[in-house]
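Trainee: no FASTA, just this:
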């Protein structure tokens, strides 16, 4: 996949990026990822952890799978979900934390100086 600084991404690559970031744009999906960082879970486990309806959790899991973030395997009648790329996902979330920290620091400093950013 092209990196923006070096080469213009294709339309297909941009769509893949958009799918990935859309899948991460929900707090419940981020909570699912947090739980899966601890190990594999069934939807029923995630329902108990998140206190959400089974259908809601299943929809979130489907979104994360579509983005390529989750893998599944079946054992008996139960389907277990894991992170497809645990190390890369952790690095991505750490990078997002760093960006948010920098952005918040920038906004706070700007507000102290009386500069307004929209």
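Mentor: Here it is on my side, so go on. All figures in this text were calculated on a predicted structure; none of them were measured in a lab. Numbers count the residues shown, from 1 in each chain.

Trainee: Can you list phi and psi of the residue nearest the centre of the chain for me?
Mentor: In the chain, the centroid-proximal residue (C-alpha atoms, centre = their mean) is residue 24; its distance is 3.2 Å. When quoted as degrees, to the nearest 10, the phi and psi of residue 24 stand at phi -90, psi 0.

Trainee: Just give the nearest non-adjacent residue to it, would you?
Mentor: Leaving out its chain neighbours, the residue that sits closest to residue 24 by C-beta to C-beta, 6 or more residues apart in numbering is residue 30, at 6.5 Å. Backbone N, C-alpha and C define where each C-beta goes, glycine included.

Trainee: Need the three-state assignment for the one you found.
Mentor: helix (DSSP: H, G, I helix; E, B strand; the rest coil).

Trainee: What about it, how many residues nearby?
Mentor: As a burial measure, residue 30 scores 15 neighbours (other C-beta atoms under 10 Å).

Trainee: what do you get for the one 3 residues further on?
Mentor: Look at residue 33: counted by other C-beta under 10 Å, it has 21 neighbours.

Trainee: List the buried residues for the helix or strand hosting it?
Mentor: Under the criterion of DSSP states H and E, residue 33 resides in helix 27-37. Burial within helix 27-37, assessed by neighbour count using 16 or more other C-beta atoms under 10 Å, is assigned to 29, 31, 32, 33, 36.

Trainee: what does the model give the nearest residue to the second one once chain neighbours are set aside for pLDDT?
Mentor: Taking C-beta to C-beta, 6+ apart, and ignoring the residues beside it in sequence, residue 31 has residue 50 as its nearest neighbour in space, at 5.8 Å. Looking at residue 50, its pLDDT stands at 97.

Trainee: and if you look at the one 3 residues further on?
Mentor: At residue 53, the pLDDT value in this model is 97.
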